[in-house]
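*Asks:* Okay, sequence plus prediction incoming.
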Amino acid sequence: MNEIIEKIRAEFSQAVQSVKSPADLEPIRVKFLGRKGLVSTSFERISELPKEQRPLFGKALNELKKELETQYEALAASFKNKEAPKRRIDLTLPGRKPFAGRKHPLLKVADEIKQIFTSLGFTIEDGPEIETDFYNFEALNIPKTHPARDMQDTLYITDDILLRTHTSPVQIRVMQRQKPPIQMIAPGRVYRRDTPDASHSPFFHQVEGLVVDEGITFADLKGVIQAFAHRMFGPDIKVRFRPSFFPFTEPSAEYDFSCVFCKGKGCRVCKNTGWMEISGAGMVHPNVFKAAGVDAEKYTGYAFGMGIDRIAMIKYAIDDIRIFFENDIRFLNQF
Ligand code: 2NL
């Protein structure tokens, strides 16, 4: 019979713990201490016991009843004392400021890059993120069997329609519809089939530049990249070009900026090289001009790319690209 007593006691203490407001009290009183409550109905079971055990059980039940009543009264009283004072509204208080949004850090950096290039005479051009095989690959001298397709694997909507892997298609479209001189940048979102890690995201942001006119040389390219480096990161930034290969440029180069953190002396960020890889550039390949309908005998041009995310990571000393896309308000509020 002790089990019955213990069971009621345990259930009661659990019920009491879930009480949050005075409204929760009455159901507990009814269930345990009411006329048909657990304590009262247990008294009725006394007759099931052998005679010699009855007085003991009755005594124990009486004690339980007193115990629960005391606890219940104390709990009810605690609510009485805590009842909230009547609220008064202070009509003279100033209103609450509405939450102000702000630009995403990538958009801020993109704005800054756009501002620098427009001040150098570039136009800003736009195009679709869903592209055709022709604009994304064929026209850029990347035929179906070219190994560069592997490196730029992307999401295909059909065999012919895909998510662009760079903003170069925008430049092809501009060359098709507009005669040189062309001096443009194409900023925007691009896609690659990549497993995300600290430096890879399946989507990221790129700015590509294109200048086409009579007599454009690699020296013009170097001058513009140099000017960009100075305005973006400061006048003491050095720029270097290393030979490289891209199907859409010839000759091709990759360019680096001297490390903005150690000024080229070597540190953890630049892995002690003093340099930070930015991206690639080169003179537009004649096959690209041909595909876009530009007279390669008359005109020359240079093109370059850069990652907005990468520039932003350098500018704000961020070591993981994924944080841009997590929408963590604690991160975003810092910009
Ligand atoms: C990179 C950097 C690059 C270009 C992009 C380009 C665009 C046209 C014609 C020729 Cl329409 N080139 N863009 C050129 C060199 C580098 O991007 O690292 N890409 C893989």
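*Replies:* Yep, that arrived.

*Asks:* On the three-state scheme, whichever residue of the chain sits closest to the ligand is what?
*Replies:* Closest approach of the chain to the ligand (Cβ to the nearest ligand atom) occurs at Gly305, with a separation of 2.4 Å. For the C-beta atoms, the positions are set from N, CA and C on the backbone; glycine is no exception. Using DSSP: H, G, I helix; E, B strand; the rest coil, the secondary structure recorded for Gly305 is strand.

*Asks:* Met313 now?
*Replies:* Secondary structure, three-state DSSP: Met313 is helix.

*Asks:* so what's the nearest residue to it once chain neighbours are set aside up against?
*Replies:* Taking Cβ to Cβ, 6 or more residues apart in numbering, and ignoring the residues beside it in sequence, Met313 has Ile321 as its nearest neighbour in space, at 6.5 Å. Contact criterion Cβ atoms under 8 Å, 6 or more residues apart in numbering gives Ala198, Ser199, His200, Ser201, Phe204, Asp309, Met313 as the residues in contact with Ile321.

*Asks:* Same check on Asp133?
*Replies:* With Cβ under 8 Å, 6+ apart as the criterion, the residues that contact Asp133 are Asp159, Asp160, Ile161, Leu162.

*Asks:* among those residues, who's most crowded?
*Replies:* Among these, Leu162 has the most neighbours (other Cβ atoms under 10 Å), with 21 neighbours.

*Asks:* which SSE is Cys262 in?
*Replies:* Under the criterion DSSP states H and E, no helix or strand holds Cys262.

*Asks:* Wait, it touches Val269, no?
*Replies:* Yes - Cys262 lies in contact with Val269 (Cβ atoms under 8 Å); the separation is 7.3 Å.

*Asks:* Which parts of the stretch 1-150 of the chain are helices?
*Replies:* Remark: helices assigned in the stretch 1-150 of the chain by DSSP state H, counting those that start in this stretch are 2-17, 25-28, 38-44, 54-82, 105-119, 133-136, 148-151.

*Asks:* re earlier: check the residue of the chain closest to the ligand and give its pLDDT.
*Replies:* Gly305 is assigned a pLDDT of 98 by the prediction.

*Asks:* cool, and Lys82?
*Replies:* Taken from the predicted model, the pLDDT recorded for Lys82 is 69.

*Asks:* Would you mind checking the contacts of Ile321 for buried ones?
*Replies:* Buried residues within those, defined by neighbour count using 16 or more other Cβ atoms under 10 Å: Ser201, Phe204, Asp309, Met313.

*Asks:* tell me the contacts of the second one?
*Replies:* Shown in contact with Phe204 (Cβ under 8 Å, 6+ apart): Arg189, Val190, Arg192, Gly307, Ile308, Asp309, Ile321.

*Asks:* Would you mind confirming that the fourth one makes contact with Phe203?
*Replies:* No - in this structure, Gly307 is not within contact of Phe203 by Cβ under 8 Å, at 11.7 Å.
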